[in-house]
Each structure stands twice: as C-alpha cells, then as structure tokens.
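Novice: when you get a sec, could you give me coordinates for this:
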Amino acid sequence: MVVMTGLQVFTLTALARLLSPSDFGLMGMIMVVIGFAQSFADMGISNAIIQHQNTRMDQLSSLYWLNLLSGVTVYIIICVSAPLVVAFYEEPRLSRMIYLTALIFLITPLGQLFQSLMQKELMFEQLAKIEVACSIVNSIVSIVLAYNNFGVYALIWGQLARTLISVLLLSVRGWNYWQPRFHFTRSDLDGFLGFGVYQMGERTVNYLSANIDYLIIGHRMGPAALGYYTLAYQLAIFPLMKINPVITKVAFPIFSKIQSDNLRLQKGYCRIINIITTVSFPMMAGLFIVAPEFIDLFLGDQWLHSIIIVKILCVVGALKSLGNPVGSIILAKGKANIGFYFNIVAVTIVSVAVVIGSQWSATCVAAALLVAQVILFIFLQPIANNLINLRLSKYMVAIKSPFVCTLVMVAVAYILKAGIHSLNTLMIFALTVSVGMITYITVYYFIDKKRSMEFILMVRNN
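Specialist: Okay, the predicted model is just below:
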C-alpha cells in the first residue's frame, strides 16, 4: 500500500508537469466509458467465486470461458458505441482513443479468474507483488511516452501495458494451482449467475454514482475543466482508492468464511474501520491543509484552479473511506441485492447533486458531491450495522481515536502555518507536513497505546 501510494503520487506529479489539463480531461472521458464497461466485463462472477465456498473444477472451467466470451462481447459493444460517446462529449479525438483503450477487455479475462482464486485463498502477498510490478510498468511507460510528446496516448499505453503485465503474472502464478479445461456447460453456472447479476447491477449503478461527475463536467464544460477536476480527484481520492481496496479485498473472502458468525463479523468490521480511518483521516486532512503548497511546488501554476476542488474532495474522500467496507459485509452475507438497490438510490442522489452543481463550475460540482456523500453515509451505515447486529456505539468507538487525533493535528498545523506564513513555499510545506505527522502519531500513541503497538508490529511484519 505504501509503495503503491508513493509511486502513484510520483507518477501523477511527473505527468502533471508533462501533460496538459486537456490531456487529463480526455483520459477522464475515456476511463468513464471503460470503467462503466468493466462493470459488465465478468458478469459479477469474480465475487461470486469468492463468496461460494465449494466450487468444482468443472464449474471453474465453465466460468473461465464465460469470462472470455463476456470480455469479447464488451469489447465489441464499446467499439460499436464509440460514435455515440464522441457525439455525447462533442470531442472527435476520442474515437481512436476508445478503440485502442477497449483492447483491455480482450486481455483482462485471460487472468481474471486466477486473481479471484488467489483472493479466495488469501494469497495477498503474491497479489501485492503483482500489483506493485504492474504499477511500476504503468508509471515507466506513461512517463517515458509523455516525455516524448505522446500526449494523452501516454496514459492509454500505460494502462494497456499494466493490463498485459498483470494478466501474464496472474496466469503464470495461477496456472500452478489450476488450469482451465475445454469444458463448458450451462448447469455449471447455476448459483453463480444469480449472485453475479445483482453484483453486476450493483457495480454498474455504483460506478455511475462514482463517475457521474466526470460525465457531466466533460459534457458541459469540456476536457480542460474535466482535466482540473480529474487531477484534483486523483489527488484527494487516490489514497482512498489504494488503501480501501487493499483492506476490503482481504475482508471479503475472510468475512465470507465466517458469514454466519455475527460476533466475529462485528469484531472484524470494527477493526477494518479503525485501520482505514487511522490512515485515511490524517491523509485527507493533511492534503486539505497543504493543498495550495503541494500544487504550487509539485504540479505547477497551470493546476492552481484545482486547489479548492482538492480541498472539497478531501472531505468527500474521508466520508467514502467509512462507507467502502460496508460492501464486504453485504457481499459476505450473500445480500448482493441489497447493494444493488442501495446503489440505485445512491446514483439518483449523486446525479441530481452533480447536475445542480454543474450549472456553475467544477468547484460547485465537488461541493454538491460532498452534500450527496453526507446524505448517503447517513443511510448506508445502518445497513451494515443491521446485517451483523452491530450497535452504533461500538461503531463510534472504532473511529473515535483517529477522529480525535486528526482534529488535534489539524489545529496544530493551522496554528503553525499562521506563524510561518512569511517563509517560502517549500519551507511551509515541509514544516507543516513534518509537524502534522509527528503530532498525529504522538497523540495517537497516548490515546490508544494498544492500537499503536499493533500498527508498529504490522509495519515490521511487512
């Protein structure tokens, strides 16, 4: 997680210097289409494999070939739909980019089932190594091509290189444990498609909920405005995108194994919430405080319009970090239908908020998104609590220490900035980050020594 976060920040910083806001905006438009299609790519079968505890070899072979067929189908649909996307965004340059990026769907299914099996068997050390290797390849390819004036195609080729390396590594590793046979029968899919359909529907509406802002900004304001928003989103939400999946990927298969034991689920869920907030709260608050200095120092003057958006999205990210683990509980309990119906409500609320905010600017979209996220959190949390009979007071205890420590850190950091405002930008940034980190760690240690020692041991063991 640490390597991935540092690598992504470095890559984003380098690419922000080499590419324009319009390049980021064009890639944002493309990834909305690709990400939406990924909701359908495996028909929700990956999580169904993890949730089912007894899967036969014949069933896995049938599911493997279904995955391949699904990927080819999605690729064809994207290529056929490309003119509609171009018309929606009124951006002719997108056509060729979409055809090229869609190749991801012909490559990914070759390794997807291996990844699901490795997750199911809790082989997260191997998966982590593969993910780090793929990210390094993506960064190298993207930066080298951007330096050589490939523009937005540097980002596209970086994604394709990442996908190809991922499939190769997953296949080599997974082939040692299981090899698909030339076997396919409809009866093998029973029990998987029902779960998968709800999971696919949930992913679809969830993705729309998470990306409706990209759609509306790109459509109404063009690639430059979307570029400012995209960079701000990647800065503010990126730590969440790297931290939460690492933990929820582990949580889902483990929760599935103990799905009938609510007491163990309560303990595990509260532990995960505590870990996530211990990391995400100070990161979001820290970025909120030093956003002007960070953008000025590392990204350049062309990105100054993103500062306010970054600050707003930091609060959105903190709220999202609390909501993400709920999905692991819902799926482990086999209640994919609940996730699907909730996300229909979520995409409706977010869509209304984004459409209202888009009447003015990308900053107003971010503010509207924050309001929507507050509303969703209020309704989402009780769902998980009810599924595992978790009392609200126990949940609040799990987030108490990170929340209090973050408040102290923010107060100290702002007092410090007020006192050193006459120094140069680099000194303000360095001192604020250093003092903020020391304050958070120190306060956390005195408030919760037990958790602090657990974190120290966790870091040493990894």
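
Novice: list the buried residues for the helix or strand hosting Ile438?
Specialist: Assessed by DSSP states H and E, Ile438 sits inside helix 425-447. For helix 425-447, the neighbour count (16 or more other Cβ atoms under 10 Å) marks Ile428, Phe429, Leu431, Thr432, Val433, Val435, Gly436, Thr439, Tyr440, Val443, Tyr444 as buried. In short, each C-beta sits where N, CA and C put it, glycine included.

Novice: and it, what's its mean pLDDT?
Specialist: Average pLDDT, helix 425-447: 92.

Novice: now do stretch 406-421
Specialist: 93.

Novice: closest one of the buried residues of helix 425-447 to Glu293?
Specialist: Phe429 (3.9 Å; Cβ to Cβ).

Novice: residues contacting that closest one?
Specialist: Going by Cβ atoms under 8 Å, 6 or more residues apart in numbering, Phe429 touches Val290, Glu293, Phe294, Leu297.

Novice: with Met221 instead?
Specialist: Ser358, Ser361, Ala362.

Novice: helix, strand, or coil at it?
Specialist: helix (DSSP: H, G, I helix; E, B strand; the rest coil).

Novice: do you know the pLDDT at it?
Specialist: Confidence for Met221, expressed as pLDDT, is 84.

Novice: would you mind measuring from it to Leu12?
Specialist: For Met221, the distance to Leu12 (Cβ to Cβ, to the nearest Å) stands at 21 Å.

Novice: try Arg173
Specialist: Counting by Cβ to Cβ, the gap from Arg173 to Leu12 is 29 Å.

Novice: ok, now Met427?
Specialist: Applying Cβ to Cβ, the value for Met427 to Leu12 is 23 Å.

Novice: which among the buried residues of helix 425-447 gets closest to Val74?
Specialist: Nearest member of those to Val74, counting by Cβ to Cβ, is Val433, at 42.7 Å.

Novice: who are the packing partners of the helix or strand hosting Thr163?
Specialist: Element membership of Thr163 [criterion: DSSP H and E] is helix 152-174. Contacts defined by 3 or more Cβ pairs under 8 Å, 6 or more residues apart in numbering; DSSP states H and E place helix 152-174 against helix 2-18, helix 21-41, helix 94-101, helix 104-107, helix 109-120, helix 124-147.

Novice: centre of the chain to the first one, how far?
Specialist: Meaning helix 2-18. 16 Å (Cα atoms, centre = their mean, to the nearest Å).

Novice: can I get that helix as CSV, trimmed to CA atoms?
Specialist: The C-alpha coordinates for helix 2-18 follow below in CSV (Å, rounded to 0.1, in the frame of the first residue of the first chain):
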residue,chain,number,x,y,z
VAL,A,2,2.8,2.4,0.9
VAL,A,3,4.8,1.6,-2.3
MET,A,4,1.7,2.0,-4.4
THR,A,5,0.7,5.3,-2.9
GLY,A,6,4.2,6.8,-3.2
LEU,A,7,4.6,5.5,-6.8
GLN,A,8,1.2,6.9,-7.8
VAL,A,9,1.9,10.4,-6.3
PHE,A,10,5.3,10.5,-8.0
THR,A,11,3.7,9.4,-11.4
LEU,A,12,0.9,11.9,-11.1
THR,A,13,3.3,14.7,-10.3
ALA,A,14,5.6,13.8,-13.2
LEU,A,15,2.7,13.5,-15.7
ALA,A,16,1.1,16.8,-14.4
ARG,A,17,4.4,18.5,-15.5
LEU,A,18,4.4,16.8,-18.9
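
Novice: one step back: CSV for the buried residues of helix 425-447, including distance to Ala368?
Specialist: Converted to CSV, those look like this (distance: Cβ to Cβ, whole Å):
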residue, distance to Ala368
Ile428, 31
Phe429, 30
Leu431, 34
Thr432, 29
Val433, 30
Val435, 34
Gly436, 29
Thr439, 33
Tyr440, 30
Val443, 34
Tyr444, 33
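
Novice: so which of those comes closest to Met123?
Specialist: Within the buried residues of helix 425-447, proximity to Met123 (Cβ to Cβ) peaks at Tyr444, which comes in at 31.3 Å.

Novice: who's in contact with that closest one?
Specialist: Per Cβ under 8 Å, 6+ apart, neighbours of Tyr444: Thr278, Ser401, Pro402, Cys405, Arg451, Ser452.

Novice: check which helix or strand the closest residue to Tyr99 other than its chain neighbours maps to.
Specialist: Sequence neighbours aside, Cys79 is the residue nearest to Tyr99 in space, at 5.9 Å (criterion: Cβ to Cβ, 6 or more residues apart in numbering). In this structure, Cys79 sits in helix 57-89 according to DSSP H and E.

Novice: other SSEs contacting that helix?
Specialist: Applying 3+ Cβ pairs under 8 Å, 6+ apart, one finds that helix 57-89 makes contact with helix 21-41, helix 45-51, helix 94-101, helix 104-107, helix 109-120, helix 193-257.

Novice: weakest of those in terms of mean pLDDT?
Specialist: helix 45-51 (a mean of 61).

Novice: now for the contacts of Phe429, which pair is the farthest apart?
Specialist: Val290 and Leu297 (9.3 Å).

Novice: how about Ile216, what does it touch?
Specialist: The contact partners of Ile216, taken as Cβ under 8 Å, 6+ apart, are Val354, Val355, Ser358, Val365.

Novice: got phi/psi on Ile420?
Specialist: phi -120, psi 20 (degrees, to the nearest 10).

Novice: tell me the contacts of it?
Specialist: Met427, Ile428, Leu431.

Novice: distance check, the first one against Ala411.
Specialist: As judged by Cβ to Cβ, Met427 and Ala411 stand 21 Å apart.

Novice: which of the residues in stretch 323-340 are buried?
Specialist: 323-333, 335-340.

Novice: surely Thr163 and Leu106 touch.
Specialist: No - at 9.6 Å, Thr163 does not count as touching Leu106 under the criterion of Cβ atoms under 8 Å.

Novice: who's more crowded, these two?
Specialist: Taking other Cβ atoms under 10 Å, Thr163 and Leu106 do not tie; Thr163 has more neighbours (22 against 15).

Novice: tell me the domain ranges of the protein?
Specialist: 2-179+192-390, 391-462 (automatic domain parsing).

Novice: can you put the ones you listed in a markdown table and add distance to Thr185?
Specialist: Below are those laid out as a markdown table (distance: least, Cβ to Cβ, whole Å):
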| stretch | distance to Thr185 |
| --- | --- |
| domain 2-179+192-390 | 6 |
| domain 391-462 | 43 |
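
Novice: most neighbours per residue, which of these?
Specialist: Most buried of the domains of the chain, by mean neighbour count (mean count of other Cβ atoms under 10 Å): domain 2-179+192-390, with a mean of 19.

Novice: returning to that earlier point: lowest-confidence entry in the contacts of Phe429?
Specialist: Out of the contacts of Phe429, that is Leu297, at 88.
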